[in-house]
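1. Only the shape, not the letters, is given here:
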Ligand code: PMP
Ligand code: GLU
């Protein structure tokens, strides 16, 4: 900690996913053969039709600053996508395009939270939610779930966590890190609680919407009585393998969208012009064009679950979406492996990195200290080799 820095940044945790990715890169550069299963990043190339749209945008001399909240025709493509995929209706003033869904989320916490406002985070939750809330002055309040209930929050647990200070609830479905998908019925039960507390705003992170293995996608905003206070966050990083292109977006109440526009105008301005043009093409094409990636993720899920079941001590649920497994590894706590004491999920994840040369992320970063997150957005051969190494390091 450096006293010259702000308390704000000194008290902020480093993103565990990005830290592990950096460590993996560093080890690889040293010539160490590490298999990176830490980062949630599809390994497919960007679809050709999207690449062509970006090339065309360069040829067409797109180069200037863009409107802060995104090109008008991109907003229209997002509106059409929301109607086509989610049966949600928006007008352009309800849409804001940002530099990744990460910025969409950061904008939201910055414009909605005051000092001391509480934010409900059903745990496990995506790594950046808690620290983004804290930076904005909010107080994250985790709601525990369990692997037995597929890591989903129940209506009772939600209601018990609400206080007069509750301002927001943030969750992802499909969920990073658990892969759980809330059904319409489950979401309706949560909505039945939330309608009793009209001041609570819902941030529904749907960035894994298309990476769903069959259970169907529902957005909280589809419920008429929740539409007015739900903000849907989405983006192209996961479905179109465009993580480095940095495009995320929201659809939500106009008063919130306007505030995000204002915030973004002082922080980054409008996002990259070429990536925005390419996103229009990505969204205008039907989701069936990217189904081959989803099918591949599904096969990899089956493979990794089978291989994990073969290793003593891993307890897993069956993820219905995204590309992560989130096994409970508490069986290993209190044990000594090759002279190393394993007392926490961080110890365990570090052990796998050092002894198996396999990078994962500790569940502590996601609000669940019994688990680790394994990303299977990599080839089947890497998954097989990684699990072989893990098994050998634990046998
Ligand atoms: N939300 C969730 C649940 C995620 O896993 C990610 C991963 N990157 C993001 C938001 C942010 O995505 P991006 O900034 O790449 O659009
Ligand atoms: N969302 C991905 C993950 O959870 C990318 C890393 C990040 O943005 O934190 O691994």
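-> Thanks, I have the structure now. No experiment lies behind these values; they were computed from the predicted model shown. Ligands and ions are numbered 1, 2, ... in the order given.

2. When you work out contacts or count neighbours from here on, use the C-alpha atoms and nothing else.
-> Will do.

3. Residue 326 contacts residue 318, correct?
-> No. Counting by Cα atoms under 8 Å, residue 326 does not reach residue 318; the two are 9.3 Å apart.

4. any common contacting residues for those two?
-> residue 179 (Cα atoms under 8 Å, 6 or more residues apart in numbering).

5. Who are the contact partners of whatever residue of the stretch 251-395 of the chain ends up closest to ligand 2?
-> Residue nearest to ligand 2 within the stretch 251-395 of the chain (Cα to the nearest ligand atom): residue 375, separated by 7.7 Å. Residue 375 sits next to 37, 38, 39, 40, 323, 324, 325, 360 when contact means Cα under 8 Å, 6+ apart.

6. and the gap between the closest residue to the first one other than its chain neighbours and residue 230?
-> The spatial neighbour of residue 37 that comes closest, neighbours along the chain excluded (Cα to Cα, 6 or more residues apart in numbering), is residue 375 at 4.8 Å. Noted for residue 375: a distance of 29 Å to residue 230, by Cα to Cα, to the nearest Å.

7. what's the answer for residue 51, then?
-> 33 Å.

8. what does residue 75 give?
-> Taken as Cα to Cα, the span from residue 75 to residue 230 is 18 Å.

9. quick revisit: so for residue 51 and residue 230, which sits in the more crowded spot?
-> residue 230 (24 against 17; other Cα atoms under 10 Å).

10. Now name the helix or strand holding residue 188.
-> Per DSSP states H and E, residue 188 falls inside helix 184-194.

11. Tell me the helix or strand right after that helix.
-> strand 201-205.

12. relative orientation of that next one and helix 184-194 in degrees?
-> Relative orientation of strand 201-205 versus helix 184-194 (axes from the mean of the first three to the mean of the last three Cα atoms, to 10 degrees): 160 degrees.

13. Please tell me how far residue 287 sits from residue 192.
-> For residue 287, the distance to residue 192 - Cα to Cα - is 31 Å.

14. Hmm, I typed the wrong one, I wanted residue 374.
-> Residue 374 is 33 Å from residue 192, by Cα to Cα.

15. what about the two, which has more around it?
-> Legend: neighbour count by other Cα under 10 Å for residue 374 and residue 192, higher for residue 374 (26 against 15).

16. Neighbouring strands - and their directions - for whichever strand or helix holds that one?
-> Applying DSSP H and E as the criterion places residue 374 in strand 372-375. In the sheet, strand 372-375 lines up against strand 324-325 (antiparallel), strand 361-362 (antiparallel) (DSSP bridges).

17. which outside residues touch the first one?
-> With contacts defined as Cα under 8 Å, 6+ apart, strand 324-325 is touched by 40, 176-179, 301, 316-319, 373-377.

18. Filter those down to the ones in strands?
-> 373, 374, 375 (DSSP state E).

19. quick revisit: the residue nearest to residue 37 and residue 327, how far apart?
-> From residue 375 to residue 327 the distance is 11 Å (Cα to Cα).

20. Residue 107 too?
-> 32 Å.

21. what do you get for residue 177?
-> With Cα to Cα as the criterion, residue 177 and residue 327 are 10 Å apart.

22. before we move on, the earlier item: which residues does the residue nearest to residue 37 bridge with?
-> residue 324.

23. how far away is it from residue 218?
-> 24 Å.

24. can you list the residues of the stretch 1-150 of the chain near ligand 1?
-> 100, 101, 102, 126 (Cα under 6 Å from any ligand atom).

25. Return the residue of this structure that is most distant from the centre.
-> Farthest-out residue of the chain from its mean C-alpha position, per Cα atoms, centre = their mean: residue 339, at 35.3 Å.

26. Name the surrounding residues that touch stretch 280-291.
-> With Cα under 8 Å, 6+ apart, stretch 280-291 has contacts from 49-50, 53, 73-74, 77-78, 80-81, 210, 236, 239-240.

27. Report the two of the residues you listed separated the most.
-> Farthest apart among the contacts of stretch 280-291 by Cα to Cα are 73 and 210. That separation is 22.4 Å.

28. how would you label the spatially closest residue to residue 121 that is not a sequence neighbour: helix, strand or coil?
-> What sits nearest to residue 121 in space, not counting adjacent residues and going by Cα to Cα, 6+ apart, is residue 142, at 4.7 Å. Following DSSP: H, G, I helix; E, B strand; the rest coil, residue 142 is assigned to strand.

29. Setting aside sequence neighbours, what's the nearest residue to residue 141?
-> In this structure, residue 141 finds its nearest non-sequential neighbour in residue 120, 4.9 Å apart by Cα to Cα, 6+ apart.

30. Correct me if wrong: the one you found contacts residue 163.
-> No. Using Cα under 8 Å as the test, residue 120 is too far from residue 163 to be in contact (9.9 Å).

31. So which of those two has more stuff around it?
-> Between residue 120 and residue 163, residue 120 has the larger neighbour count (other Cα under 10 Å), namely 23 against 11.

32. Can you verify the more buried one is assigned to a strand?
-> Yes. Under three-state DSSP, residue 120 falls within a strand.

33. can you give me the strands in this protein?
-> Under DSSP E, the chain gives strands at 35-36, 95-98, 118-122, 139-143, 166-172, 201-205, 230-235, 248-251, 324-325, 335-337, 340-342, 358-359, 361-362, 372-375.
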